[in-house]
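Asker: Requesting a structural model of the entry that follows:
(one chain, ligands or ions: 1)
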Amino acid sequence: MDPLTEPSTLRADGLALRFGGTRALDGVSLRLTRGVTGLLGPNGAGKTTLLRVLATAVPADDGRFTALGHDPRTAAGRLALRRELGYLPQTPGFHPDFTAFEFVDYVAILKELTDRGARHREVRRVLDAVDLSDVRGKRLKRLSGGMRQRVALAAALVGDPGFLVLDEPTVGLDPEQRMRFRDLIAQAGEGRTVLLSTHQTEDVAMLCHRVVVLAGGRVRFEGTPAELTARAAGRVWSSAERAPGALAGWRTGMGTFRNIGAPPAGADLLEPTLEDGYLLALDGESAEVTA
Ligand SMILES: Nc1ncnc2c1ncn2[C@@H]1O[C@H](COP(=O)(O)OP(=O)(O)OP(=O)(O)O)[C@@H](O)[C@H]1O
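Answerer: A predicted model of the protein is given here:
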């Protein structure tokens with residue numbers, strides 16, 4: 001799959017949504033293709049709001065989008081899109097006394113899988129896909145946080161949706177669980193359009209083919225992870241003292257400072273990371289990292 005020649009599966013133009021005086025989305029336009037796109041942004045950037053709009057949980061005040069060819073502004077378009085949608089919200093509404101199987105089965109019923117036998121096979125399939133077959137009879141309140149996240153992912157995968165919206169699915173997971181989750185998301189991204197909101201730049205570097213940076217309700221960057229990293233080329237340097245002109249800078253474990261911004265002449269340049277490119281894309285918005 002070549003991301004440059006892949007056709008757009010989602011097109012959003014000028015999406016806007018206000019909460020009182022807050023412009024949570026302030027004219028968001030973007031294109032998604034099949035594969036996993038990472039959505040990065042500081043707290044309050046509008047990520048959850050954007051995902052809720054794209055998951056048809058809330059309508060935008062202005063702008064429009066189509067996903068998998070469906071336009072959710074009509075009731076028929078909304079229904080068609082919801083039938084092809086898997087949504088893992090930031091705080092999944094679990095009933096703690098449901099077992100893992102019952103919860104996913106309940107979601108499958110909501111997704112109109114009416115044939116009981118076929119539905120139960122599908123529930124077993126997705127629980128198996130997230131490696132939870134052994135605990136499918138356990139109540140959710142007895143599962144660890146990481147297991148509950150996997151139950152939520154299984155619920156999002158029910159019915160093999162073509163469009164997956166995942167809101168910070170790796171939050172609260174330990175590094176080993178996060179690695180397993182990345183693998184599951186990468187598998188889910190094969191042939192599907194996946195939009196993954198995260199604060200983890202490593203998640204994006206390791207599994208996304210595209211990345212969108214959102215801040216203040218606006219898209220600050222849209223491109224490949226390599227392009228975001230390349231933005232920081234020649235703009236990351238090391239110094240013995242805190243560099244007053246740096247956009248962001250912090251003391252490393254080695255005792256030296258790692259600085260981002262316009263380097264002074266003769267600076268000792270460092271290899272940039274995706275996180276450096278991300279902080280530069282925010283252009284100072286939330287990039288005052290001082291330690
Ligand atoms: N239901 C709501 N009522 C009022 N304000 C809201 C509501 N939902 C979001 N907001 C505001 O809209 C802005 C965007 O919030 P949103 O939750 O989309 O950001 P986010 O990027 O997901 O943040 P985080 O990374 O902290 O989850 C914030 O200023 C938030 O306070």
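
Asker: Make sure Val36 is indeed in a strand.
Answerer: Yes - the assignment for Val36 by DSSP: H, G, I helix; E, B strand; the rest coil puts it in a strand.

Asker: number of nearby residues for the closest residue to it other than its chain neighbours?
Answerer: Spatially, and ignoring its direct neighbours in sequence, Val36 is nearest to Gly189 (3.8 Å; CB to CB, 6 or more residues apart in numbering). In this view, the C-beta of every residue, glycine as well, is placed from N, C-alpha and C. Number of residues near Gly189 (other CB atoms under 10 Å) recorded here: 20.

Asker: Gly189 against Leu207, yeah?
Answerer: Yes - Gly189 is in contact with Leu207 according to CB atoms under 8 Å; the separation is 7.3 Å.

Asker: Give the intersection of the neighbour lists for those two.
Answerer: Shared contacts of Gly189 and Leu207 (CB atoms under 8 Å, 6 or more residues apart in numbering): Val36.

Asker: what does this structure have sitting close to the ligand?
Answerer: 19, 22, 24, 41, 43-49 (CB under 6 Å from any ligand atom).

Asker: mind listing which of those residues are in helices?
Answerer: 47-49 (DSSP state H).

Asker: Quick one: buried ones out of those residues?
Answerer: The neighbour-count test (16 or more other CB atoms under 10 Å) marks 47-49 as buried among these.

Asker: now the strands for this protein?
Answerer: With DSSP state E as the definition, the chain shows strands at residue ranges 10-19, 22-32, 35-40, 62-67, 85-88, 163-167, 193-197, 210-215, 218-223, 236-239, 248-251, 257-260, 268-269.

Asker: CSV please, covering those strands and showing mean pLDDT, distance to Leu132 and mean neighbour count.
Answerer: Compiled in CSV, those are given as follows (pLDDT from 0 to 100; distance: least, CB to CB, whole Å; neighbours: other CB atoms under 10 Å):
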stretch, mean pLDDT, distance to Leu132, mean neighbour count
strand 10-19, 97, 29, 17
strand 22-32, 96, 28, 20
strand 35-40, 97, 21, 26
strand 62-67, 97, 28, 18
strand 85-88, 94, 15, 24
strand 163-167, 96, 17, 24
strand 193-197, 97, 20, 25
strand 210-215, 97, 29, 25
strand 218-223, 96, 35, 18
strand 236-239, 93, 41, 20
strand 248-251, 88, 39, 17
strand 257-260, 92, 40, 22
strand 268-269, 92, 46, 12
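
Asker: can you pull the contacts of Arg142?
Answerer: Contacts of Arg142 (CB under 8 Å, 6+ apart): none.

Asker: and the gap between it and Arg136?
Answerer: For Arg142, the distance to Arg136 equals 12 Å [CB to CB, to the nearest Å].

Asker: Where does the prediction get shaky in the stretch 151-291 of the chain?
Answerer: Residues of the stretch 151-291 of the chain meeting the criterion pLDDT under 70: 284-291.

Asker: The same query, at a cut-off of 90, please.
Answerer: 169-184, 187-188, 240-250, 252, 254-255, 262, 264-267, 282-291 (pLDDT under 90).

Asker: where do the helices sit along it?
Answerer: 175-188, 201-207, 225-230, 274-281 (DSSP state H, counting those that start in this stretch).

Asker: Just the residues contacting the third one, thanks.
Answerer: Residues outside helix 225-230 that contact it (CB under 8 Å, 6+ apart): 38, 204-205, 208-211, 213, 221, 272-274, 276-278, 281.

Asker: and of those residues, the nearest to the ligand?
Answerer: Nearest to the ligand out of the contacts of helix 225-230 is Val213 (CB to the nearest ligand atom; 11.1 Å).

Asker: so what's the closest one up against?
Answerer: 40-41, 219-222, 228, 278, 281-282.

Asker: can you check Phe94 too?
Answerer: By CB under 8 Å, 6+ apart, the contact set of Phe94 is 103, 140, 148, 151-152.

Asker: Point out the most buried one among the helices of the stretch 151-291 of the chain.
Answerer: The highest average neighbour count among the helices of the stretch 151-291 of the chain, using mean count of other CB atoms under 10 Å, belongs to helix 274-281 at a mean of 25.
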